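Prediction below, plus the sequence it came from.
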Amino acid sequence: MALINRVSRLFKADFNAVLDHIEEPEALLRQAIRDMEDELAHGEQRIAQCTHEQEALAARKTEILASSEKLEEQLDLCFESGKEELAKGVVRRKLEAERLLKRLDAELQANSRYLDRQKALLDENRATLEGLRQKADLIVSRTPADRDGGPESMARLARDLRVDDEEVEIAFLREKAARSGS
């Protein structure tokens, strides 16, 4: 039984090694970059749509505020003329306008939060894409001998991609300063 398990593991390892050799890392990385670029394009579309909605909501709010001012003038006129029944209709429209303004304000705030999250996500995805592009440049710049070099070339690639703790600290401080300044 142990012999069968060992042979099975050996076969699986060899099969996975063959698959790893068949898959081209460069092609997989290029596809990952294309996928990330597509995601960025969709993110930019979502941001543009959300910005358009934000502008439409703001324009609607401006219209309602202007209408509210007219309603105030109409109310003054109704009370000066002693037309209480007419004034009740104007009061109803004023109350409806106030409720609509509250709803628009809530939508504007929710839309603004969503827009901020989408922009942050887009910035994060751009940074990830840039990292993928840098890795792709490193892989493409390797010579064919390096690509087939096995563990030694992988060790060299790992050294090239390694990020020091100092670099992380400096980048962290820059990110922190950028976010605290805004």
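Yep, it's here. All values derive from a computational prediction rather than experimental measurement. Numbers count the residues shown, from 1 in each chain.

Identify the residues contacting the residue lying closest to residue 84 once chain neighbours are set aside.
Distance criterion CB to CB, 6 or more residues apart in numbering; nearest residue to residue 84, sequence neighbours excluded, is residue 78 at 7.4 Å. Bear in mind the C-beta positions are built from the backbone N, C-alpha and C, glycine included. The contact partners of residue 78, by CB atoms under 8 Å, 6 or more residues apart in numbering, come to 84, 86-87, 90.

Next, format those residues as a markdown table and append distance to residue 57, pLDDT and secondary structure.
Shown next, in a markdown table, are those (distance: CB to CB, whole Å; pLDDT from 0 to 100; DSSP: H, G, I helix; E, B strand; the rest coil):
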| residue | distance to residue 57 | pLDDT | secondary structure |
| --- | --- | --- | --- |
| 84 | 35 | 88 | helix |
| 86 | 31 | 90 | helix |
| 87 | 30 | 88 | helix |
| 90 | 25 | 90 | helix |
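
that older thread, please, which helix or strand holds the residue nearest to residue 84?
When elements are assigned from DSSP states H and E, residue 78 belongs to helix 25-81.

So what's the gap between that helix and the chain middle?
If you compare the mean C-alpha spot of helix 25-81 with that of the full chain, they lie 16 Å apart, counting by CA atoms, centre = their mean, to the nearest Å.

That helix - what's its average pLDDT?
Per-residue confidence for helix 25-81 averages out to 90 on the pLDDT scale.

Which of the contacts of residue 78 are buried, as a PyMOL select command?
Those of these that meet the burial criterion (16 or more other CB atoms under 10 Å) are gathered into one PyMOL selection, given here:
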select buried, resi 87+90
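
And the contacts of residue 78, which is closest to residue 34?
Residue 34 lies nearest to residue 90 out of the contacts of residue 78, by CB to CB, at 59.6 Å.

May I ask you to confirm that the closest one is in contact with residue 70?
No - taking contact to mean CB atoms under 8 Å, the distance of 9.6 Å between residue 90 and residue 70 leaves them out of contact.

now residue 170: how far from residue 56?
In this structure, residue 170 and residue 56 are 43 Å apart, going by CB to CB, to the nearest Å.

So what are the structural domains in the chain, by residue number?
Under the assignment named as automatic domain parsing, the residue ranges that make up the domains of the chain are 2-141, 150-182.

how about the nearest residue to the residue nearest the centre of the chain, chain neighbours excluded?
Geometric centre of the chain, nearest residue: residue 121, 2.5 Å, by CA atoms, centre = their mean. The shortest distance from residue 121 to any non-neighbouring residue, by CB to CB, 6+ apart, is to residue 43 (6.5 Å).

Contacts only, for the one you found.
Applying CB under 8 Å, 6+ apart, the residues contacting residue 43 are 118, 121-122, 125.
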